[in-house]
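In: okay, sequence plus prediction incoming.
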Amino acid sequence: MYKVFVNNAPIHLSTQSFISDNYISIPIRKANLKDIISQLQVNPSLKFHLFHKKEKKLLKVLHRKLPVVVAGGGKVYSQENKVLFIYRNGHWDLPKGKAEKGENIETTAIREVEEETGVTGLEITRFLMKTYHVYKSHGKYKLKLTYWFEMKTEAKDNLKPQQEEGITKVKWKKPKNIKKTLNNTYGTITQLFGMEYL
């Protein structure tokens, strides 16, 4: 099962034709994604489920319906087990950004964390997951596919929000404060944290 977020409302994708009476199930080939996105923006409580019997075709059709923008991001830990957050557009977020031409995704993730937060000395410890969310650019909907990596660093000072990207704060959050932080974030970000935070 995959989730594509429109703000905090997930569109579920699966290889099953039915998952629950609570969902509006539509074959992905027949789905009008622009219409679904518009409906979710008006009523985020609607539950949509798109399906195809073959998983590879499911994602292939999705990518055909919406232009894909590939990005890399980091869930960064300090030596004290704090997590690095950024504040942008009224929400807490994790640093991420679009891959440049010819750049491998690990390099993208490290570069974007450095640029958006000022933190250096980053080391990737493992790949976490891929997330999908819809956004609008120049009047057109796009699908952002973000590859997330767990990272660590010994650096903790010299935090510098990338203001030209709309980032106004960069903060290390203690584990005990993360649950409160996740009350003001995006669905894609909550996927990166365990159930103890939700």
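Out: On my side now, so go ahead. Quick caveat, the model's predicted, so the values are computed rather than measured.
In: where does the record place the domain boundaries for the protein?
Out: 2-65, 68-197 (automatic domain parsing).
In: show the pLDDT at the residue lying farthest from the centre of the chain.
Out: Here the centre of the chain is the reference, and by C-alpha atoms, centre = their mean the most remote residue is D21, at 27.3 Å. On pLDDT, D21 comes in at 94.
In: before we move on, what about Y197?
Out: pLDDT, Y197: 59.
In: got the buried residues for the biggest helix by length in the chain?
Out: Ranked by residue count under DSSP state H, the longest helix found in the chain is helix 105-117. For helix 105-117, burial by neighbour count (16 or more other C-beta atoms under 10 Å) applies to I105, T108, A109, I110, R111, E112, V113, E114, E115, E116, T117. In this view, the C-beta of every residue, glycine as well, is placed from N, C-alpha and C.
In: mind putting those residues in JSON lines, distance to H63 and pLDDT included?
Out: Listed next are the buried residues of helix 105-117 as JSON lines, based on distance: C-beta to C-beta, whole Å; pLDDT from 0 to 100:
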{"residue": "I105", "distance to H63": "16", "pLDDT": "98"}
{"residue": "T108", "distance to H63": "19", "pLDDT": "98"}
{"residue": "A109", "distance to H63": "21", "pLDDT": "98"}
{"residue": "I110", "distance to H63": "25", "pLDDT": "98"}
{"residue": "R111", "distance to H63": "24", "pLDDT": "98"}
{"residue": "E112", "distance to H63": "22", "pLDDT": "98"}
{"residue": "V113", "distance to H63": "26", "pLDDT": "98"}
{"residue": "E114", "distance to H63": "29", "pLDDT": "97"}
{"residue": "E115", "distance to H63": "27", "pLDDT": "97"}
{"residue": "E116", "distance to H63": "26", "pLDDT": "98"}
{"residue": "T117", "distance to H63": "30", "pLDDT": "97"}
